[in-house]
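Visitor: Quick one, fold the following:
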Amino acid sequence: MTSTDVRKDAEDSGPSGYAAARLRLLTEGARSGPPRRSALAELTDDWLSGLFTAGTEDLKGVSLVAVGGYGRGELSPRSDLDLLLLHDGADPKAVAALADRLWYPVWDLGLALDHSVRTPAEARKTAAEDLKVQLGLLDARHLVGDPGLTAGLRTAVLADWRNQAPKRLPELQELCVERAERQGELQYLLEPDLKEARGGLRDATALRAVAASWLADAPREGLDDARRRLLDVRDALHLATGRATDRLALQEQDQVAAELGLLDADTLLRQVYEAARVISYASDVTWREVGRVLRSRAVRPRLRAMLGGGAKPATERSPLAEGVVEQDGEVVLARAARPERDPVLPLRAAAAAAQAGLPLSLHAVRRLAATVRPLPTPWPAEAREQLVTLLGSGQPTIEVWEALEAEGLITRLLPDWERVRCRPQRNAVHIWTVDRHLIETAVRASEFTRRVSRPDLLLVSALLHDIGKGWPGDHSVAGEIIAKDVAARIGFDRADVAVLSTLVRHHLLLIETATRRDLEDPATVRSVAEAVGSQSTLELLHALTEADALATGPAAWSSWRGSLVADLVKRVAAVLAGDEPDEPDAAAPTAEQERLAIEAVATGSPVLALRAQTEPPAEDRPADDPEPLGVELLIAVPDQAGVLPAVAGVLAMHRLTVRTAELRALDLPTGVEGSVLLLNWRVAAEYGSLPQAARLRADLVRALDGSLDIAGRLAERDAAYPRRRGVVAPPSRVTVAPAASRHATVIEVRAQDAPGLLFRIGRALEDEGLRVRSMHVSTLGANAVDAFYVTGAEGAPLPGDEAASVTRKLEETLRA
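Guide: As a prediction, the model looks like this:
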């Protein structure tokens, strides 16, 4: 069916005809994107025009005007209809009757309507008072009625906007900044708001308004295509949800991707991010130009007065590096620069800009992209040094890097970058796309360059550590191969290439070992030492680990994690220096532990104590990391079955997060009969204050004697947790860590974090007759990664077949 046929049906049948024609238009698969939006706008235009002219009165000096998105002809399936009934004030009663004839049919069809009835003077007055109204009127489009009235308003509104631009544009910029602070950046969010987030449709509309002011203009290359992509996604989102929503929720992404004919949700997000990045960069450049023009206008009259009238002041240009100068607060190319003869110039200009804390001008970046020659392989030493300088410049690196990437210079310098560019990370811990995370890691690493002997290797490893995420399989393994190639290409020698590839291969080694392994076990420390190989590499890996975690997000690093990594590094450094780690002996009980054990034997029931952990000195803790180390929970229990699941369940009931846990049988003093289990755990309150020790003990007594139904209580609370429709966690995975310990079998559990997870694991291990020597828990966002050191009843590691059977049964339990 053609657009003409659809419009004819709408005209012939009134509101019901419009509704049917609208439905056919939205459900036919032949049209989508701009053609469908235009057709929907035309269909709506014809219907409203019919409503306008359906009355018997012959109104003069009245017109119906579409504004905002409808004025631009961009109607998505669930878009509001933004309408202005414009009149000259001659017959208010007739205008009111006409308004009723227009608005009520729209409401009857359940369409969202944003309407107003104003004279041209009232419209201009409201626009002067409300910036959002003025922005909507900039896109005013005549529908029906007196065209002269509409044209007069459009002319007046545009004139007002241009005359008031020096005042209104800073207000518009402030609105954009406030909105970005509330909604975040579209190019990094897993559930972005396509309209309100920075780089979204609102920002694209703001750029149109800036262009209409004639004060500055946005970079147009790719901007219309980016805007079209976001509108296409919004259309598909409206059709998939049947709602007027702009938030691309996780549970809708697969359906939206299918509606657009895309491979999967990741492909969808990547396209959204790429579009948002174009709009964000255009916004940065445009607002910078607006600021420059407004500053110039403010200074020019004073300069002319000082220079005696007609003389035009010369533009000051300050040299920054060879072929690079500063002008008007931006970094530009010198007049004598020859990019076609100087392949290092892009990196030199970028490094100079980052070091000076200045943006690269759009003209300079585009000239470099259009004319510069490729770097030879391997790179000359100057190119490598300029890259290191750029990476080590701190926060200004980000804006400069984005400018290079916007014009395609980064992927020409580093072709492997294309696979990680705009790549989403579906992990609640990560707050950035892969490429932005790599740059953020380099920025963080620049703070640690005084801690290492080779800051250049630290900065380049920060840039490359996740480069393998663009390839199948383990990204550390894939990244090692890519890092070798990139490092050799940019001119590092064979020894440095080996170090860089080791850092990329093992960039997760320290944090995973420190939080998931028993650091008292010599096998743990030796395995890390063997992987690292040297003190200098360990030094670099320590700094890279912290930079990586800090750049990941707030959940990835804390004073507690830092203290564990530092302890591991100290132990590994000793091994690399030639000291062999001692085999762990059973530690003699402290006086407090012995007291608790004797009391447990005497009473025949559990005894516990809570003791605050000592925090590291203030000077060793970052100012923005106030997290305490939690409290130490000591529990002495007469030896019996079910201790681990009972304790874990009680702690879960009281919303206590377990960070580390040890369980061992305690040798009692001579003359004291009985066997006691000692549990030394470190816990922290999930929120609120810690429960009283007496209450914990009472619940533990009930759990051990079977009168407290922990499983039932946790199931009730789990059922009360809000669950988001359509969000399905990956299945739990249980594995045995090979050669992780000589004294125990290490079972690693990766699962969705949930109340009572440790209780379920502990009960499953207890059912298998295993003894848990220690466990190391780590929670990253919604993901739990826990390691359990277990032995058989005789205290020896499990045989291979038994370990495999245990992991299989535990995995089945957690997936049930």
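Visitor: Please identify the buried residues of the helix or strand containing E592?
Guide: Assigning secondary structure by DSSP states H and E places E592 in helix 591-603. Within helix 591-603, the residues scored as buried using 16 or more other C-beta atoms under 10 Å are Q593, E594, L596, A597, I598, A600, V601. Any C-beta I mention is one placed from the backbone N, CA and C, and that applies to glycine too.
Visitor: now stretch 132-150
Guide: For stretch 132-150, using 16+ other C-beta under 10 Å, the buried residues are 133-146, 149-150.
Visitor: For that stretch, the averaged confidence score.
Guide: In this model, stretch 132-150 has an average pLDDT of 95.
Visitor: dump the residue contacts of the closest residue to E316 other than its chain neighbours.
Guide: The spatially closest residue to E316, leaving aside those adjacent along the chain, is Q327, at 7.2 Å (C-beta to C-beta, 6 or more residues apart in numbering). For Q327, the contacting residues are T315, E316, R317, S318, S361, by C-beta atoms under 8 Å, 6 or more residues apart in numbering.
Visitor: now, which of those residues sits nearest A244?
Guide: Closest to A244 out of these is S361 (40.5 Å), distances taken as C-beta to C-beta.
Visitor: Okay, now the unreliable bits of the stretch 201-350 of the chain?
Guide: 299-315 (pLDDT under 70).
Visitor: all helices of it, in order?
Guide: For the stretch 201-350 of the chain, the helices defined by DSSP state H, counting those that start in this stretch occupy 201-212, 223-241, 250-259, 265-306, 345-356.
Visitor: quick one, which of those helices is nearest to L438?
Guide: Nearest of the helices of the stretch 201-350 of the chain (C-beta to C-beta): helix 265-306, 14.7 Å.
Visitor: Against which helices or strands is that closest one packed?
Guide: helix 165-183, helix 201-212, helix 223-241, helix 250-259, helix 396-406 (3 or more C-beta pairs under 8 Å, 6 or more residues apart in numbering; DSSP states H and E).
Visitor: any chance of those in a markdown table, with distance to A495 and mean neighbour count too?
Guide: Below are the helices and strands packed on helix 265-306 laid out as a markdown table (distance: least, C-beta to C-beta, whole Å; neighbours: other C-beta atoms under 10 Å):
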| stretch | distance to A495 | mean neighbour count |
| --- | --- | --- |
| helix 165-183 | 45 | 15 |
| helix 201-212 | 48 | 21 |
| helix 223-241 | 44 | 21 |
| helix 250-259 | 45 | 19 |
| helix 396-406 | 27 | 21 |
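Visitor: out of these, nearest to E530?
Guide: helix 396-406 (34.5 Å).
Visitor: Check the offset of that closest one from the chain's centre.
Guide: 18 Å (C-alpha atoms, centre = their mean, to the nearest Å).
Visitor: Residues in contact with it: which ones?
Guide: 277-278, 281, 284, 346, 350, 353-360, 362, 365, 390-391, 393, 410-411, 413, 421, 435-436, 439-440, 442-443, 446.
Visitor: Recalculate using a threshold of 7 Å.
Guide: 281, 346, 350, 353-354, 357, 359-360, 365, 390-391, 410, 439, 442-443 (C-beta atoms under 7 Å, 6 or more residues apart in numbering).
Visitor: Of those, which is the nearest to P738?
Guide: A442 (33.7 Å).
Visitor: pLDDT of the strand or helix carrying that closest one, averaged?
Guide: Taking DSSP H and E as the definition, A442 sits inside helix 434-445. Averaging pLDDT along helix 434-445 gives 96.
Visitor: nearest spatial neighbour of A216, skipping sequence neighbours?
Guide: Here the residue nearest A216, using C-beta to C-beta, 6+ apart, is E289, at 4.2 Å.
Visitor: and what of A751?
Guide: Nearest to A751 is S732, by C-beta to C-beta, 6+ apart, at 3.9 Å.
Visitor: Could you check how far that neighbour is from E812?
Guide: Distance, S732 to E812, by C-beta to C-beta, to the nearest Å: 9 Å.
Visitor: Equivalent analysis for E274, please.
Guide: In terms of C-beta to C-beta, E274 sits 42 Å off from E812.
Visitor: Which of those two has more residues huddled nearby?
Guide: E274 (16 against 12; other C-beta atoms under 10 Å).
Visitor: dump the residue contacts of the closest residue to the more buried one other than its chain neighbours.
Guide: Excluding its sequence neighbours, the residue lying closest to E274 (C-beta to C-beta, 6+ apart) is C422, at 5.0 Å. For C422, the contacting residues are R270, Y273, E274, R277, T433, D435, by C-beta under 7 Å, 6+ apart.
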